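Peer 1: fold the following for me, if possible:
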Amino acid sequence: MSKVPRHIAVIMDGNGRWAKQKGLPRAIGHQEGVKSLHEMVETCDGVGVKYLTAYTFSTENWFRPKSEVELLMKLMARTMDDERPGLIKNNIRVRSIGRISDLPQNLQDTLSRLIADTAKNTGLTFALAISYGGRTEILDACRRAVEAGKAPQTEAEFGTLLYDPSLPDPDLLIRTGGDQRISNYLLWQSAYTELYFTETLWPDFRKVQVLAAIEDYAQRQRRFGRIEEE
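Peer 2: Residues are numbered from 1 along each chain as shown. Here you go, the predicted structure:
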């Protein structure tokens, strides 16, 4: 590929609608969504993407029915355990952003083990945004500044207060499922991110669709508020 984004962020939307279209329980849609995420990690790693951040569970998702929230918590924990050997073998480093302390203790423990077990890997960095909201992240960063007694003087200084300052700004943000908004995702980091919206529902977003999004990105010119050099 001529131009591969260094960092891709993804909003995985459409699991429930996918299941409804097929007359299946929403749980099946979420399970199929896990397969899409597995394939996206493999594809991004294969083409040289360095960072992938997946909007796994938002702060707003806590307001879904209790039964679905519990299902998603169990699915995340099981998936982390199932995927651990492959992530270690494939040299993928896992990170997380969000209010992790809001999660059930067993999920916090599972996530911590996964992060620790992959900490020394040097390939793709795969970040899970869990109990994450962009406004909440900015609010939490402001709180840290107040607690430290020092207001950041530059954008770079403010960036060090975010959940994981080691993650660069995303070059490309992909949203599946047809909606054309970023839904409180990486609000600070996405100021100059290229956006890619597709009608494809997340469980149907596989390797071919990932490569098409990257190819679309490769055709774009990024100027960051400047003019194009002649």
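
Peer 1: tell me how far Phe57 lies from Leu128.
Peer 2: When distances are taken as Cβ to Cβ, to the nearest Å, Phe57 and Leu128 turn out to be 9 Å apart. Any C-beta I mention is one placed from the backbone N, CA and C, and that applies to glycine too.

Peer 1: overlap in contacts of these two?
Peer 2: Gly98 (Cβ atoms under 8 Å, 6 or more residues apart in numbering).

Peer 1: next, Ile227: secondary structure please.
Peer 2: Ile227 falls in the coil class when you classify it by DSSP: H, G, I helix; E, B strand; the rest coil.

Peer 1: swap that for Phe126, sorry
Peer 2: strand.

Peer 1: could you do Ser131 as well?
Peer 2: Classified using three-state DSSP, Ser131 is strand.

Peer 1: touching the strand or helix carrying Lys74 from outside, list them.
Peer 2: With elements delineated by DSSP states H and E, Lys74 resides in helix 66-89, which encompasses its position. Helix 66-89 is contacted from outside by 26-27, 30-31, 34, 38, 56-57, 61-62, 64, 94, 103-104, 106-107, 110-111, 113-114, 117-118, 121, 126, 130, using Cβ under 8 Å, 6+ apart.

Peer 1: what angle separates that helix from strand 125-132?
Peer 2: 160 degrees (axes from the mean of the first three to the mean of the last three Cα atoms, to 10 degrees).

Peer 1: dump helix 66-89 to PDB, keeping only the CA atoms.
Peer 2: C-alpha atoms of helix 66-89 as PDB (Å, rounded to 0.1, in the frame of the first residue of the first chain):
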ATOM      1  CA  LYS A  66     -28.500  -4.400  32.800                       C
ATOM      2  CA  SER A  67     -28.700  -7.800  31.100                       C
ATOM      3  CA  GLU A  68     -26.800  -6.500  28.000                       C
ATOM      4  CA  VAL A  69     -24.200  -4.700  30.100                       C
ATOM      5  CA  GLU A  70     -23.500  -7.900  32.000                       C
ATOM      6  CA  LEU A  71     -23.300  -9.900  28.800                       C
ATOM      7  CA  LEU A  72     -20.800  -7.400  27.300                       C
ATOM      8  CA  MET A  73     -18.600  -7.500  30.500                       C
ATOM      9  CA  LYS A  74     -18.500 -11.300  30.300                       C
ATOM     10  CA  LEU A  75     -17.800 -11.300  26.600                       C
ATOM     11  CA  MET A  76     -14.900  -8.900  27.000                       C
ATOM     12  CA  ALA A  77     -13.400 -11.000  29.800                       C
ATOM     13  CA  ARG A  78     -13.700 -14.200  27.900                       C
ATOM     14  CA  THR A  79     -12.400 -12.700  24.700                       C
ATOM     15  CA  MET A  80      -9.300 -11.300  26.500                       C
ATOM     16  CA  ASP A  81      -8.500 -14.700  27.800                       C
ATOM     17  CA  ASP A  82      -9.200 -16.500  24.500                       C
ATOM     18  CA  GLU A  83      -7.100 -14.000  22.500                       C
ATOM     19  CA  ARG A  84      -4.100 -13.800  25.000                       C
ATOM     20  CA  PRO A  85      -2.000 -16.600  23.400                       C
ATOM     21  CA  GLY A  86      -2.400 -15.200  19.900                       C
ATOM     22  CA  LEU A  87      -1.700 -11.600  20.900                       C
ATOM     23  CA  ILE A  88       1.500 -12.800  22.700                       C
ATOM     24  CA  LYS A  89       2.600 -15.000  19.800                       C
END
